[in-house]
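Asker: sequence-free structure coming up:
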């Protein structure tokens, strides 16, 4: 178990990352390739990842270079997932690559040595302390990222936004205690300590000492949360987002056009609009005037179409827009605005424009 000790100052400095950490997602996606556990959740990714690695000629490099450095074990080197102070999480591959290249050679040698003592490291690994060797390694990382991680950026961002919404709602209703208590079941908040379920045999304490904690929801992680092994580094905790099993692909006679056609109708449109700021199933029912079971059914259809994401938040189920859902709302608002403008006579439009100029502008576009 990992025990993270908070002070009052740490609670004020705890934040949830606003974007996936690319280098961390590289690491845990490589872990996914080493196990069948949790494969049903990422079934579509497994199929496309294997194919893309084969088509781009990366299978051997991944097997011989990347997998030995990212073992699915209790330790892999911290320099491979660098943090950016003060947030301690990176939001782009370029930023992460620059930090990885800037890691001090002594730190790289020390962490590779720890890997060798813990689970074993390839004989060539100490050469990563040399800038030229590390540059070649980063180029391989980029090729892997572009092949099998970057195409899933929208999915990762949608899940992360849903998790951020859940943490924000917890913060609003219960303060920092509410935000941290909602991290169950993988973590348990027993103020002032956050107890984190960790791999068997690991028992450690992390004292934040006023530095705060960055929480980073992870799309590909399927196991227990993970923090950096070195307690002197900026405190960061990666943890898996709650996944629902991927929807069954449509069979013969059930095309994507037919699935999207199921979205037509006022009830589902109302549910989609009500999800713009995040809403539980009960809130969707109250907002749209339908029963809870009907709201759940409409949300399921929208989720299967890729327009909303769903996460469990304590005893409730929270629905938020995906980038595709937000784009649908934006397009609908723009189309409605264009149609309204075209139908208004020119003289009436000028009068309306003069009235609008004297009033606060109304927000027509749903947030996305």
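Answerer: That came in fine, so what should we check first? From a predicted model like this one, the values you see are computed outputs, not experimental measurements.
Asker: max-length helix in the protein?
Answerer: As assigned by DSSP state H, the longest helix anywhere in the chain is helix 153-181.
Asker: what average pLDDT does stretch 229-249 get?
Answerer: The pLDDT scores in stretch 229-249 average 70.
Asker: name the residues of the helix or strand hosting residue 269 that are buried.
Answerer: In the assignment (DSSP states H and E), residue 269 maps to helix 266-274. Of all the residues in helix 266-274, those buried under the rule 16 or more other C-beta atoms under 10 Å are 268, 269, 270, 271, 272, 273, 274. Any C-beta I mention is one placed from the backbone N, CA and C, and that applies to glycine too.
Asker: can you name every helix or strand that the helix or strand following that helix contacts?
Answerer: Following helix 266-274 in sequence order, the next helix or strand is strand 279-280 (DSSP H and E). Applying 3 or more C-beta pairs under 8 Å, 6 or more residues apart in numbering; DSSP states H and E, one finds that strand 279-280 contacts strand 316-321.
Asker: now the strands for the stretch 51-200 of the chain?
Answerer: For the stretch 51-200 of the chain, applying DSSP state E, counting those that start in this stretch gives strands covering 187-190, 193-196.
Asker: make CSV out of those and add mean pLDDT, mean neighbour count and distance to residue 204.
Answerer: Output for these, formatted as CSV (pLDDT from 0 to 100; neighbours: other C-beta atoms under 10 Å; distance: least, C-beta to C-beta, whole Å):
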stretch, mean pLDDT, mean neighbour count, distance to residue 204
strand 187-190, 91, 16, 15
strand 193-196, 92, 18, 10
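Asker: can you list these in a markdown table and add distance to residue 74?
Answerer: Formatted as a markdown table, the strands of the stretch 51-200 of the chain follow (distance: least, C-beta to C-beta, whole Å):
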| stretch | distance to residue 74 |
| --- | --- |
| strand 187-190 | 18 |
| strand 193-196 | 14 |
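Asker: out of those, nearest to residue 53?
Answerer: strand 193-196 (32.1 Å; C-beta to C-beta).
Asker: residue ranges with poor pLDDT in this structure?
Answerer: Residue ranges of the chain with pLDDT under 70: 84-89, 199-201, 242-264, 313-314, 333-368.
Asker: next up, the contacts around the residue nearest in space to the middle of it.
Answerer: Relative to the mean C-alpha position of the chain, the nearest C-alpha, by C-alpha atoms, centre = their mean, is the one of residue 160, at 3.3 Å. Residue 160 makes contact with 17, 18, 19, 20, 217, 219, 241, according to C-beta atoms under 8 Å, 6 or more residues apart in numbering.
Asker: could you pull out the helices for the stretch 251-368 of the chain?
Answerer: Assigned by DSSP state H, counting those that start in this stretch, the stretch 251-368 of the chain shows helices spanning 256-261, 266-274, 281-288, 292-304, 323-343, 346-357.
Asker: and for the stretch 101-250 of the chain?
Answerer: Under the criterion DSSP H, counting those that start in this stretch, helices of the stretch 101-250 of the chain are mapped to 105-118, 131-144, 153-181.
Asker: tell me the helices and strands packed up against the second one.
Answerer: Secondary-structure packing of helix 131-144 (3+ C-beta pairs under 8 Å, 6+ apart): helix 22-32, helix 93-101.
Asker: dump these into CSV; add distance to residue 5 as well.
Answerer: Listed next are the helices and strands packed on helix 131-144 as CSV, based on distance: least, C-beta to C-beta, whole Å:
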stretch, distance to residue 5
helix 22-32, 23
helix 93-101, 27
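Asker: quick one, which of the ones you listed is packed in tightest?
Answerer: helix 22-32 (a mean of 23; mean count of other C-beta atoms under 10 Å).
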